[in-house]
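Novice: whatever this is, show me its structure:
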Amino acid sequence: MTRTARPLVLLTLALAGAGVVLALQTLSYRSDNQALRSTLGDVEDRVEKLQAKLDARPKPMETLENVSSTTGIDVSAAPVELPTLSKEERAQLIAQSGAAVQAALKEKNADKLFENLEMLSHLGPEAYPKLMEATEALFKNLAFLMELDQSSKEKFGKLFQTDSYFDFFVWVLENDKGSDEMFGAALTQLLNQGPKAIPPLLELIRTTSRMQALAMAAVILGRMEAPGFPEAMLERFNDPATTEQMQRVLLGALEQAKTESATDLLKQLAESTENPQIKEKAHEAFLSTGSEEAIASVLESFANGTDKQLQQALEAVARSEKLSSNETVRAVLTEHVQTVFADGTSKQREFALEAVGSSEALLKDEMIRAATTDYVKKILTDGTLKEREQLFDNLQFNDLLVKDEAIYPLVLGYLENALENGTSKEKEIVFDTLQFSDPIKEDKQLQEAALAFVINTLKDGTSEDRQVVLNEFQSNKRFGENTEIRAAVVTYVNNTLSTGLPEEIMIVLSEVRYNEALVAIPEVRAAVQKIATTSSDSIRRANALGALLKFPEAEALPVILQGIQGQPSRVSRAGLEMLAEMDTQKSIAALRQIATQNPDEEVRKIATEVLEEHEAE
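Specialist: This next block holds a predicted model:
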């Protein structure tokens with residue numbers, strides 16, 4: 001499973017009355033639903049922590065004196081007043097304060113750092129770029145912040161909640177300034193400021209391209225039921241510039257907000273959105289809210305829904321605590337799971353297994369768990385190969401289900417037996433499960449059995465089993481890193497190319513042509529190059545030239561040029577076609593040169609034909 005990922009490191013600075021709390025988190029935005037749920041789940045964790053801090057803050061009716069008596073901080077001190085400065089003096093003071101911040105960080109001088117950050121914050125918008133640079137340097141210096149004593153933490157906490165810093169953080173968000181760390185810190189600080197932060201955060205929802213920030217702001221404002229929130233969300237959702245991925249984030253944020261207004265908004269979007277995929281996601285998010293209307297829709301899907309509606313209902317129950325804890329829903333679900341596992345279609349079984357395996361609450365239900373365990377046992381014991389493949393397609397990526405104490409022994413027992421006595425297809429299931437299932441990876445006994453199977457198969461196994469092993473060598477990085485397996489592969493390739501039957505040699509050369517893991521081994525490349533340049537068998541030599549596709553260009557070009565010299569047309573054509581297939585600047589230049597300058601007329605003719613075919617493509 002190949003997934004593209006964009007790493008994003010977000011350092012959030014969450015400040016509450018007692019001091020500074022820092023959390024360093026690494027996120028990964030990916031294009032699939034699992035990644036989106038992971039992102040929103042991370043937002044949910046952070047929002048819960050932030051909500052606790054907001055709840056613990058002094059209420060608006062509390063006086064400054066109350067805060068002062070609680071924290072010991074003099075919050076009634078007059079703001080810093082600066083004399084009137086010329087433009088040049090202001091610029092000089094900004095530069096000096098910025099340099100002083102960097103020096104204070106190096107010296108670990110908290111007082112000097114505080115004074116200069118405070119100064120920059122009072123110098124207005126002209127100082128904001130330098131203040132951003134200085135503040136970001138502080139946020140990135142995690143060790144220094146954590147070493148501050150309690151008094152200093154409180155001092156910085158107070159600074160970052162001043163009106164001057166509030167205006168600066170608004171500027172960061174409105175102008176989309178700074179790194180993700182700076183932007184995240186600014187967002188978190190505004191979220192800590194309560195109602196006065198609502199206008200800039202609503203504007204953030206309307207404009208930001210940073211999905212993590214969009215999700216956080218939407219969840220918090222949704223939970224606050226902030227005035228203008230539904231309008232801002234609809235405006236952003238329906239903006240033509242809003243991507244599908246952003247729409248999914250907005251839907252997830254509404255689902256996490258867990259308020260009546262957010263639920264109403266989800267229902268509205270599910271009914272009005274024209275994009276079929278987004279409409280589907282909006283409906284799923286609406287169901288997960290567990291509202292009365294959502295419960296009614298889930299029950300209707302169980303009773304009369306299409307396969308798609310049934311899948312949505314099952315996923316919603318697995319995701320939503322409100323749905324899974326509802327007695328009526330749980331009773332209907334239990335009956336559905338029992339019926340489907342006993343006599344349902346393959347699709348219905350797949351949906352039910354995914355739902356049960358993605359919810360600890362459902363898997364803990366004795367009746368649901370018993371039905372699931374019986375189903376797994378039935379398929380592993382008496383199921384068809386296709387049914388077992390479908391089962392493992394689910395289990396390989398469903399750690400919760402595999403780790404269940406009743407199911408794990410069944411799965412492990414099947415894999416051990418399949419490795420020893422199964423068909424090649426069943427052995428392929430074993431290796432795929434070993435690669436993708438974390439609980440199965442950890443079983444040392446199965447790992448040792450798999451290693452022994454690989455080495456023995458390469459020595460004297462069937463061609464079908466060897467194909468399984470070579471395919472696994474290509475797809476499983478752990479195989480390539482295992483020195484025993486690597487050595488066995490080299491021995492197998494060398495022996496086959498030296499003394500193997502013609503059909504065996506063909507199989508190996510064909511495998512090398514596309515198997516980058518094999519090509520990465522120098523000994524394998526050397527063996528193929530030897531055949532391509534020295535073999536007296538024209539068929540074998542031509543096939544070896546055709547196997548150079550994945551070789552490094554610097555190695556492949558001289559081998560091809562040497563390999564076609566004085567050879568029959570079959571060999572020449574194989575080498576020349578490989579030059580065209582490599583399709584690099586150097587390989588095409590070499591092909592042109594052969595087409596015009598090679599002394600052998602037949603070779604020039606073949607090269608011209610190959611070149612014309614390449615250019616026509």
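Novice: number of nearby residues for Tyr354?
Specialist: No Tyr there; residue 354 is Glu. Residue crowding around Glu354 was assessed by other CB atoms under 10 Å; the count is 18. Backbone N, C-alpha and C define where each C-beta goes, glycine included.
Novice: how about the helix or strand where it lies: buried residues?
Specialist: For Glu354, the element it lies in under DSSP states H and E is helix 346-357. By neighbour count on 16 or more other CB atoms under 10 Å, the buried set for helix 346-357 is Gln348, Arg349, Glu350, Phe351, Ala352, Leu353, Glu354, Ala355, Val356, Gly357.
Novice: stretch 217-237 now?
Specialist: 217-224, 226, 229-230, 232-233, 236-237.
Novice: so Ala318 sits against Ser324, correct?
Specialist: Yes. Using CB atoms under 8 Å, Ala318 makes contact with Ser324 at a distance of 7.1 Å.
Novice: shared neighbours of those two, anything?
Specialist: Shared contacts of Ala318 and Ser324 (CB atoms under 8 Å, 6 or more residues apart in numbering): Ser359, Leu362.
Novice: so which strand or helix has Ala487?
Specialist: Assigned by DSSP H and E, Ala487 falls within helix 483-499.
Novice: buried set for that helix?
Specialist: Buried residues in helix 483-499 (16+ other CB under 10 Å): Ile485, Arg486, Ala488, Val489, Val490, Tyr492, Val493, Asn494, Thr496, Leu497.
Novice: what residue ranges in the stretch 101-250 of the chain score low on pLDDT?
Specialist: Counting by pLDDT under 70, the stretch 101-250 of the chain contains no low-confidence segment.
Novice: that one: strands as residue ranges?
Specialist: With DSSP state E, counting those that start in this stretch, there are no strands along the stretch 101-250 of the chain.
Novice: hang on, the earlier thing: roughly how far out does the helix holding Glu354 sit from the chain middle?
Specialist: 24 Å (CA atoms, centre = their mean, to the nearest Å).
Novice: give me the contact list for that helix.
Specialist: By CB under 8 Å, 6+ apart, helix 346-357 touches 307, 310-311, 314-315, 317-318, 336-337, 340-341, 344, 362-363, 368-369, 372, 375, 387, 390-391, 394-395, 398, 400-401.
Novice: and the next element down the chain from that helix?
Specialist: helix 360-364.
Novice: show me what counts as buried in that next one.
Specialist: Leu362, Leu363.
Novice: hey, C-alpha coordinates of it in PDB?
Specialist: The C-alpha trace of helix 360-364 is given here as PDB (Å, rounded to 0.1, in the frame of the first residue of the first chain):
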ATOM      1  CA  GLU A 360     -13.500  -1.600  20.900                       C
ATOM      2  CA  ALA A 361     -17.000  -1.000  22.300                       C
ATOM      3  CA  LEU A 362     -18.600  -3.400  19.700                       C
ATOM      4  CA  LEU A 363     -15.900  -6.000  20.100                       C
ATOM      5  CA  LYS A 364     -16.400  -6.000  23.900                       C
END
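Novice: helices or strands up against that helix?
Specialist: helix 321-324, helix 346-357, helix 366-382, helix 399-403 (3 or more CB pairs under 8 Å, 6 or more residues apart in numbering; DSSP states H and E).
Novice: quick check: the gap between the nearest residue to Asp374 once chain neighbours are set aside and Lys377.
Specialist: For Asp374, ignoring the flanking residues on the chain, the nearest one in space by CB to CB, 6 or more residues apart in numbering is Phe341 at 6.9 Å. To Lys377, Phe341 is 11 Å away according to CB to CB, to the nearest Å.
Novice: the two - which one has more neighbours?
Specialist: Phe341 (22 against 18).
Novice: in which helix or strand does that one reside?
Specialist: Going by DSSP H and E, Phe341 is in helix 327-343.
Novice: run the chain-centre distance for that helix.
Specialist: How far helix 327-343 lies from its chain's middle: 33 Å, per CA atoms, centre = their mean.
Novice: what about it, average pLDDT?
Specialist: Average pLDDT, helix 327-343: 94.
Novice: buried residues in that helix?
Specialist: Using 16+ other CB under 10 Å as the test for burial, helix 327-343 gives Val329, Arg330, Val332, Leu333, Thr334, His336, Val337, Gln338, Val340, Phe341.
Novice: redo those residues as TSV? Include distance to Glu416.
Specialist: Below are the buried residues of helix 327-343 laid out as TSV (distance: CB to CB, whole Å):
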residue	distance to Glu416
Val329	39
Arg330	36
Val332	38
Leu333	33
Thr334	32
His336	33
Val337	28
Gln338	29
Val340	29
Phe341	24
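Novice: identify the farthest-apart pair in those.
Specialist: Val329 and Phe341 (18.2 Å; CB to CB).
Novice: how about Thr259, nearest residue that isn't a chain neighbour?
Specialist: Closest to Thr259 by CB to CB, 6+ apart is Glu225, at 5.5 Å.
Novice: wait, that neighbour sits on Thr263?
Specialist: No. Using CB under 8 Å, Glu225 is not in contact with Thr263; the gap is 11.4 Å.
Novice: picking that back up, and the angle from the helix holding Glu354 to helix 366-382?
Specialist: Between helix 346-357 and helix 366-382, the angle comes out at 130 degrees (axes from the mean of the first three to the mean of the last three CA atoms, to 10 degrees).
Novice: next one: phi and psi at the residue nearest to Thr259?
Specialist: phi 50, psi 50 (degrees, to the nearest 10).
Novice: name the residues of the helix or strand containing Lys586 that come out as buried.
Specialist: Element membership of Lys586, judged by DSSP H and E, is helix 585-597. Residues of helix 585-597 classed as buried by neighbour count (16+ other CB under 10 Å): Ser587, Ile588, Ala590, Leu591, Ile594, Ala595.
Novice: quick check: the gap between the third one and Leu548.
Specialist: Noted for Ala590: a distance of 13 Å to Leu548, by CB to CB.
Novice: joint contacts of the two?
Specialist: Between them, Ala590 and Leu548 share the contacting residues Ile560, judged by CB under 8 Å, 6+ apart.
Novice: CA atoms only: put stretch 406-413 into CSV for me.
Specialist: Output in CSV follows, covering the C-alpha atoms of stretch 406-413 (Å, rounded to 0.1, in the frame of the first residue of the first chain):
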residue,chain,number,x,y,z
ALA,A,406,-10.2,-15.3,20.9
ILE,A,407,-9.4,-14.5,17.3
TYR,A,408,-5.6,-14.3,17.4
PRO,A,409,-4.9,-18.0,18.0
LEU,A,410,-7.3,-18.9,15.1
VAL,A,411,-5.4,-16.5,12.7
LEU,A,412,-2.0,-17.6,13.9
GLY,A,413,-2.8,-21.3,13.6
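Novice: what sits up against that stretch?
Specialist: 369, 372-373, 376-377, 380, 395, 401-402, 433, 439-440, 443, 446.
Novice: so what's Ala91 up against?
Specialist: Glu126.
Novice: and it, that's in a strand?
Specialist: No. Looking at Ala91 with DSSP: H, G, I helix; E, B strand; the rest coil, it is helix, so not inside a strand.
Novice: what about it, distance to Glu428?
Specialist: For Ala91 relative to Glu428 (CB to CB), the value is 69 Å.
Novice: ok, now Lys403?
Specialist: 23 Å.
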